[in-house]
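# Build me a structure from this.
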Amino acid sequence: PALTRITAAIASLTDIREFSPDDTFELVWERSGRVRYVLVNKGEKCFAAIGLPDGQFRAKSFERKAQLVQRSASGTIRDSLWVSLEAAGVPAPLILDYADIFSGEIDFMTELQNGDAYVLDWQRQELPGQQQGPSRVLYASYSGKTIGLKKAYYYSGHYFDENGQSLAKEFLRAPLNYRRISSHFTKKRLHPVLKVYRQHNGVDYSAPAGTPVSAVSDGVVTLAGRNGGLGNCVEIRHADGYETSYGHLQKFASGVKRGKRVSQGDVIGYVGSTGLSTGPHLDFRIQRSGQYFDYLAFKPRAANVRLDGRELEKFREYAMSLDQRYGVRMPASAR
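Here you go, the predicted structure:
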């Protein structure tokens, strides 16, 4: 009965169907079992059901004041990017954002070495009763023995390097987060199922079944179905004659079908082992004007985002101020 009255009280203030798993709640009750109040937090709004002596509940809503706080982390790589940043207290969504920012410059699965250094600074919105609100990376850098120094500055809605060049690329560095590359692009490979030598036109990324697979660039889906030995496969047509395919998928993402327009980074399917496959992996292929080529050797162009004139001067001043702030925190091994 109490739950019904609480639900009715909050429903009188808002449409409870709009609540999501990210929203939080607080329930306080007395030893006798009587509920004193229930708070449901959604963004900057709070909806309350306050218990009355007669067992009824009074509804009330109020605003929660948000506060912007700045956080930072720096250190050296040990084992992997995820392990290192998580140990430094970086929230999981920010680790993914950090990897996405440099996705066109660094392959964090194959190019990292222990001792490489990172710096990450972010801004987070904090609300009462909600420890972590929306966050945004403001500055990031990575210094690697083989990669060199890479920097990213958030400015005017985009990420740029120290020269004011956009870090966004026309194609992602990889279509998924993978464990290892199990097979490379080659003209002669022993097929693991057919046991014959044949050309391999793609890159095989080994990853657990169910791992999300993303479109590497904007485009239009031309196939979402069975494709012979590739099993469940998505094919996408991109600008300038490029086409990509994603094979052996376990299943397709909701709404992915022929004619669907997708954006870079959209999840299009999930890693599986359909077709001629010996285990979960993604067979990823790219071609241009009908000619397949090695994606690992591909150097995609920067996205068409430019700074010039006075805006470029303002950016350089801003970047210099951040360099002065964060340069002293760079680990010695990275200098």
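# So what's the residue count around Tyr153?
Look at Tyr153: counted by other CB atoms under 10 Å, it has 22 neighbours. For every residue, glycine as well, the C-beta is placed using N, CA and C.
# hang on, it packs against Tyr139?
Yes: shown here, Tyr153 and Tyr139 form a contact pair, counting by CB atoms under 8 Å, at 5.9 Å.
# and for the two, which residues touch both?
Leu322 (CB atoms under 8 Å, 6 or more residues apart in numbering).
# Could you report the pLDDT at the nearest residue to Asp266 once chain neighbours are set aside?
Distances taken as CB to CB, 6 or more residues apart in numbering place Ala215 nearest to Asp266, at 5.1 Å, with adjacent residues excluded. With respect to pLDDT, Ala215 scores 93.
# what's near enough to touch Ala215?
Ala215 makes contacts with 175, 236, 244, 262-266, 268, as judged by CB under 8 Å, 6+ apart.
# ok, now Val83?
So Val83 contacts nothing (CB under 8 Å, 6+ apart).
# pLDDT score assigned to it?
On the pLDDT scale, Val83 gets 89.
# State the distance from it to Glu105.
Val83 is 21 Å from Glu105, where distance means CB to CB, to the nearest Å.
# The stretch 201-335 of the chain: helices as residue ranges?
Taking DSSP state H, counting those that start in this stretch as the test, the helices found in the stretch 201-335 of the chain are 309-326.
# Name the next helix or strand following the strand or helix carrying Ser84 along the chain.
Ser84 belongs to helix 81-87 when elements are defined using DSSP states H and E. For helix 81-87, the following helix or strand on the C-terminal side (DSSP H and E) is helix 92-101.
# residues of the helix or strand following that following helix that come out buried?
Counting by DSSP H and E, the element after helix 92-101 in chain order, helix or strand, is strand 117-126. Residues 117-122, 124-125 are the ones in strand 117-126 that count as buried (16 or more other CB atoms under 10 Å).
# Return the member of these nearest to Gln67.
Gln125 (7.4 Å; CB to CB).
# Give me the neighbour count for Leu296.
With other CB under 10 Å as criterion, Leu296 counts 13.
# shouldn't it be in contact with Gly202?
No: using CB under 8 Å, Leu296 is not in contact with Gly202, being 10.3 Å away.
# where in the stretch 101-250 of the chain is pLDDT low?
The model of the stretch 101-250 of the chain has pLDDT under 70 over residues 125-134, 178-180, 182, 184-198.
# can we see that at 90?
Applying pLDDT under 90 to the stretch 101-250 of the chain flags residues 101-113, 123-136, 144-148, 155-158, 162-203, 206-208, 210-212.
# gap between the residue nearest to the spatial centre of the chain and Ser143?
When CA atoms, centre = their mean is applied to the chain, the residue found nearest the centroid is Leu96 (4.6 Å). Look at Leu96 and Ser143: by CB to CB, they are 21 Å apart.
# cool, Lys251 as well?
Lys251 is 40 Å from Ser143, where distance means CB to CB.
# do Ile286 as well
Ile286 sits 30 Å away from Ser143, going by CB to CB.
# All the strands of the stretch 101-250 of the chain, residue numbers only.
Under the criterion DSSP state E, counting those that start in this stretch, the stretch 101-250 of the chain contains strands at 117-126, 135-144, 148-155, 158-160, 180-183, 186-190, 197-200, 202-206, 212-214, 219-226, 232-237, 242-252.
# Who are the packing partners of the third one?
Applying 3 or more CB pairs under 8 Å, 6 or more residues apart in numbering; DSSP states H and E, we find strand 148-155 packed against strand 135-144, strand 158-160, helix 309-326.
# what's the farthest-apart pair in the buried residues of strand 117-126?
The span of these, defined through CB to CB, is set by Ala117 and Gln125 at 28.1 Å.
# for the record, mean pLDDT for the helix or strand containing Ala49?
Element membership for Ala49 (DSSP H and E) is strand 45-51. For strand 45-51, mean pLDDT is 88.
# What lies in contact with that strand?
Where contact means CB under 8 Å, 6+ apart, the residues beyond strand 45-51 that reach it are 5-6, 9-10, 13-14, 34-40, 57-64, 129.
# In strands only, show me these.
The members of the contacts of strand 45-51 that map onto strands under DSSP state E are 35-40, 57-63.
# Give me the buried subset of those.
Buried members of the ones in strands among the contacts of strand 45-51, scored by 16+ other CB under 10 Å, are 35, 37-40, 57, 59.
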